[in-house]
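Q: below: sequence and its predicted model.
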Amino acid sequence: MNLQSWVASLANSQSPQAALFFMAMSESIFFPVPPDILLILMCIMNPKLGFLYAIICTIASTFGGVIGYGLGYKFGRPLIYRFISKEKFINIENLFEKYGVLAVGIAGFTPIPYKIFTISSGIFELSIPKFTIISFFTRGARFFIVATVIYFFGEQAKDMLMNNFNLFTMILGVVLILSFFLIHLWNRKKKSNETIYNPEEN
């Protein structure tokens, strides 16, 4: 049985919502298959419940992310080296040094395995409230975009999403990074203007 057939069997099981919750949660910790595939199939089968499925994915993925954070915090680098090499982890570390908790948001949208960033967040001891909030909103945005596309385009969206899934998520990731960059520039410009004009000095 290939991957798509296995996921399709979960969508047609007696408890597809439970399967979706477990897949979304475990993908944030160790599971290699993204929940989007099952989400797409379930949304196609019942578009009216698509947004409910997106909520399930969001909550489960965030919950799994917190577990991954805890595992990274407790077991540290030896755990992450089970998933990636030391050389690749250095690149992840550079992302965290540059973007901080926003690196988690970037991973929430892109094809980069999310578990790598949840475990790394625990290793680097990021703020757990910030980690949870940004995980919830970025993962939620990703899943709700999938549900929305299928809700409006139905079966036509299935092949587009399934065949171009990595491209789809990479585009979302680029949009997210550009958004963060523009916000960062705006905040810098705002602080610069406040420094130039300080009423207390008048």
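A: Thanks, I have it.

Q: my read: A54 touches V149, true?
A: No: between A54 and V149 there is no contact under C-beta atoms under 8 Å: 11.0 Å. C-beta: built from backbone N, CA, C; applies to glycine.

Q: looking at these two, which one has more neighbours?
A: A direct count of neighbours by other C-beta atoms under 10 Å for A54 and V149 places A54 higher, at 26 against 19.

Q: how about that one, secondary structure?
A: Under DSSP: H, G, I helix; E, B strand; the rest coil, A54 falls in the helix class.

Q: over to K98?
A: Under three-state DSSP, K98 falls in the helix class.

Q: which outside residues touch stretch 86-100?
A: Where contact means C-beta atoms under 8 Å, 6 or more residues apart in numbering, the residues beyond stretch 86-100 that reach it are 77, 80-81, 84, 103, 106, 116-117, 120-121, 124, 126, 180.

Q: ok, now with 6 Å
A: Applying C-beta atoms under 6 Å, 6 or more residues apart in numbering, the external contacts of stretch 86-100 come out as 80, 103, 120, 124.

Q: which positions within that stretch qualify as buried?
A: The neighbour-count check on stretch 86-100 (16 or more other C-beta atoms under 10 Å) flags 89, 92-93, 95-96, 99-100 as buried.

Q: can you get me the centre-to-centre distance for it and its chain?
A: Going by C-alpha atoms, centre = their mean, to the nearest Å, the spacing between the C-alpha centre of stretch 86-100 and its chain's C-alpha centre is 17 Å.

Q: just to revisit the earlier point, can you tell me which one of the contacts of stretch 86-100 sits lowest on pLDDT?
A: Across the contacts of stretch 86-100, the bottom pLDDT score, 80, is held by A103.

Q: what's the helix or strand for that one?
A: For A103, the element it lies in under DSSP states H and E is helix 102-109.

Q: re earlier: output the buried residues of stretch 86-100 as a markdown table; include the columns distance to G154.
A: Converted to a markdown table, the buried residues of stretch 86-100 look like this (distance: C-beta to C-beta, whole Å):
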| residue | distance to G154 |
| --- | --- |
| F89 | 42 |
| I92 | 38 |
| E93 | 43 |
| L95 | 37 |
| F96 | 40 |
| Y99 | 36 |
| G100 | 39 |
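
Q: many thanks, I have nothing further to ask.
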